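Engineer: What would the 3D arrangement of this be:
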Amino acid sequence: MPHIVLENINSTQEAFDAVTPFGEKTPEGILKVIDKYINASKQSALIESLAIENGINQSFFIQLSQKKSSLTVRLLPLTDPEKTAGVKTIMALIAKQIKDTNAAITYGKNNLEEFLIH
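Structural biologist: Next up, the predicted model:
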């Protein structure tokens with residue numbers, strides 16, 4: 001399962017606030033972050049996303065999960081889209097939005113290195 005761990009972040013709320021909906025046209029189609037939701041305890045957030053690649057639409061959620069001083073960006077298993085380049089790119093762009101808000105935040109363990117923009 002694709003994921004990115006962000007280190008040195010202590011608040012899901014901080015990450016949630018950093019994520020801004022966007023739409024990006026690519027040669028294969030459109031990548032879009034539509035909306036975002038945070039739970040009442042502010043420990044988990046969902047990012048509603050859409051990847052349209054080569055005429056195939058995939059709607060899915062990316063989950064932000066807090067652990068002590070790190071945050072994991074991963075696909076919500078209930079939506080389980082095909083792990084295309086577009087899906088992975090959206091995950092990397094969300095991680096970058098969060099990372100760019102605080103110089104202390106760094107990329108930790110991940111399996112999306114080729115998609116991360118440093």
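Engineer: list the buried ones in stretch 50-58?
Structural biologist: L50, A51, I52, E53, Q58 (16 or more other C-beta atoms under 10 Å). Any C-beta I mention is one placed from the backbone N, CA and C, and that applies to glycine too.
Engineer: Tell me the bridge partners for the closest residue to the third one other than its chain neighbours.
Structural biologist: When you say that, I think you mean I52. Leaving aside its sequence neighbours, I52 sits nearest to G29 (C-beta to C-beta, 6 or more residues apart in numbering; 3.9 Å). Bridge pairing for G29 (DSSP bridges) gives the partners E53.
Engineer: so the nearest residue to N110 once chain neighbours are set aside, which of the three states?
Structural biologist: Counting by C-beta to C-beta, 6+ apart, N110 lies nearest to I4, which is 4.1 Å off, once chain neighbours are set aside. At I4 the chain is in strand, as set by DSSP: H, G, I helix; E, B strand; the rest coil.
Engineer: thought I4 was touching L93?
Structural biologist: No - checked against C-beta atoms under 8 Å, the pair I4 and L93 is beyond contact range at 10.7 Å.
Engineer: who has more neighbours, these two?
Structural biologist: Taking other C-beta atoms under 10 Å, I4 and L93 do not tie; I4 has more neighbours (26 against 18).
Engineer: Pairing partners for that one in the sheet, please.
Structural biologist: V73, N110.
Engineer: OK, contacts around it?
Structural biologist: T72, V73, R74, M91, A92, A95, Y107, G108, N110, L112, L116 (C-beta atoms under 8 Å, 6 or more residues apart in numbering).
Engineer: Just the buried residues of these.
Structural biologist: Listed as buried from the contacts of I4 are T72, V73, R74, M91, A92, A95, Y107, N110, L112, L116; burial here means 16+ other C-beta under 10 Å.
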